[in-house]
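**Student:** Turn this into a model:
(one chain, ligands or ions: 1)
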Amino acid sequence: MKKYNISIIKGDGIGPEIVDEAIKVLDAVSYSCGFSLEYKEYLMGGIAIDVTGAPLPEETVEGVLNSDACLFGAIGGEKWDTLPRELRPETGLLSFREKMGVYANLRPAIIYDELVNASTLKPEVIEGVDIMVVRELIGGIYFGKPRANDGETAYNTMIYTKSEIVRIGKKAFELAMKRDKRVCSVDKANVLEVSQLWRDTMEELALDYPSVELSHMYVDNAAMQLVRNPRQFDVIVTGNIFGDILSDTASMVVGSIGLLPSASTGDKTAIYEPIHGSAPDIAGQGIANPIATIESAGMMLRYSLGESEAADKIDTAIKKALKEGYRTKDLAAFDAKEVVTTAEMGDIIANNINK
Ligand code: NAD
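**Tutor:** A predicted model of the protein is given here:
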């Protein structure tokens, strides 16, 4: 029997509640598909500060690097907001991603037929939307040096090397090969030199993927097009800051923040996590939506473990739960037949695996 080592970081706020439900579903699907998952838990974020004094203990870094993949909940909360920036949970998260070398952030935005009314956009605009945003995660203006703020003048540096662009570009083209074979590269090449290098490099790379259609779009237009006609996109590839903004826009096209998974992948390991935060306002009440985390576990099976059949089963089980009208509180207003708790939603999806 195939066995995989999974590192688990539950984190703070609703993190433990939603990760427990994802584990429930992973157990059901691994049993049903005949492989086994061994979990090892590590601390990070506020809880790590409370227990060890640091937001990112060295043991966590090593444990995750030695695992096949990491399932992550969410970190942060008011309790730690007054700490100096270098000790805060969010600083631990940025440093974690950098240490893991996870340069590609994958954010799918898929619309569930049952929830077309949950979006603020009209159903006829969003029906059938299936976008994958591939965002460069550990380069660009968020990490570029020099950077400074002396109280009078402040600056940051937007920098990409050709090799950084090639590695993220390859991820996008390879994903497109398994999808609708269209990549839209988003930049600001009319103004920025760094974007011109980005665009030229994507053009060169496209020669290696003749079956994939490459197009380019300026970021301001892309923001507009995502809302005007999101169905036109298959894979979007872009740099760190543009991707940060566009992936949030793409996610709101879909409706609830509690539905959206993500993967941060590199050459060493990968981290799978919901796009939302630790939602301290609803923590401990059993009302958080666990679907984004369960979907993230599905992405882990698909992209890190190559267990696509199991990932498909998770997708089907989630769709069935939604089709049958089960909703957590955040989606109660959208055709709910029964409003269920976080744990009940996990049970329903896990039970659907074997149906
Ligand atoms: P948030 O995503 O935690 O919450 C925003 C709103 O969405 C809240 O009203 C919350 O109740 C709701 N929400 C989020 N997830 C939900 C779910 N699964 N089900 C139902 N409702 C859900 O963002 P925030 O309030 O800006 O941040 C709270 C904390 O999370 C902060 O400390 C922030 O730094 C941290 N954060 C962590 C991550 C991460 O761990 N990757 C990401 C973003 C924010």
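
**Student:** The most centrally placed residue in the chain sits in which helix or strand?
**Tutor:** Residue closest to the mean C-alpha point of the chain, counted by C-alpha atoms, centre = their mean, is S262 at 1.5 Å. S262 belongs to strand 261-265 when assigned by DSSP states H and E.

**Student:** any idea of the mean pLDDT for the helix or strand that that strand is followed by?
**Tutor:** Downstream of strand 261-265, the first helix or strand assigned by DSSP H and E is strand 270-274. What strand 270-274 shows for mean pLDDT is 96.

**Student:** for the stretch 201-350 of the chain, what spans make up the strands?
**Tutor:** 213-218, 235-238, 261-265, 270-274, 326-327, 338-339 (DSSP state E, counting those that start in this stretch).

**Student:** Next, see if stretch 105-118 gets close to the ligand.
**Tutor:** No. Residues of stretch 105-118 contacting the ligand under C-beta under 6 Å from any ligand atom: none, with a closest distance of 10.9 Å. (Each C-beta comes from the backbone N, C-alpha and C, glycine too.)

**Student:** Please save the CA atoms from that stretch in PDB.
**Tutor:** Extracted C-alpha coordinates of stretch 105-118, given in PDB (Å, rounded to 0.1, in the frame of the first residue of the first chain):
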ATOM      1  CA  ASN A 105       0.800  30.000  -5.800                       C
ATOM      2  CA  LEU A 106      -2.000  28.300  -7.500                       C
ATOM      3  CA  ARG A 107      -5.500  29.600  -6.900                       C
ATOM      4  CA  PRO A 108      -8.400  27.900  -8.700                       C
ATOM      5  CA  ALA A 109     -11.600  29.900  -9.000                       C
ATOM      6  CA  ILE A 110     -14.300  27.400  -9.900                       C
ATOM      7  CA  ILE A 111     -18.000  28.200  -9.700                       C
ATOM      8  CA  TYR A 112     -20.300  25.600  -8.100                       C
ATOM      9  CA  ASP A 113     -23.600  25.500 -10.100                       C
ATOM     10  CA  GLU A 114     -25.500  25.400  -6.800                       C
ATOM     11  CA  LEU A 115     -24.000  28.600  -5.600                       C
ATOM     12  CA  VAL A 116     -24.100  30.900  -8.700                       C
ATOM     13  CA  ASN A 117     -26.400  33.200  -6.600                       C
ATOM     14  CA  ALA A 118     -23.700  33.600  -3.900                       C
END
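
**Student:** What are the buried residues along that stretch?
**Tutor:** 105-109, 111-112, 114-116, 118 (16 or more other C-beta atoms under 10 Å).
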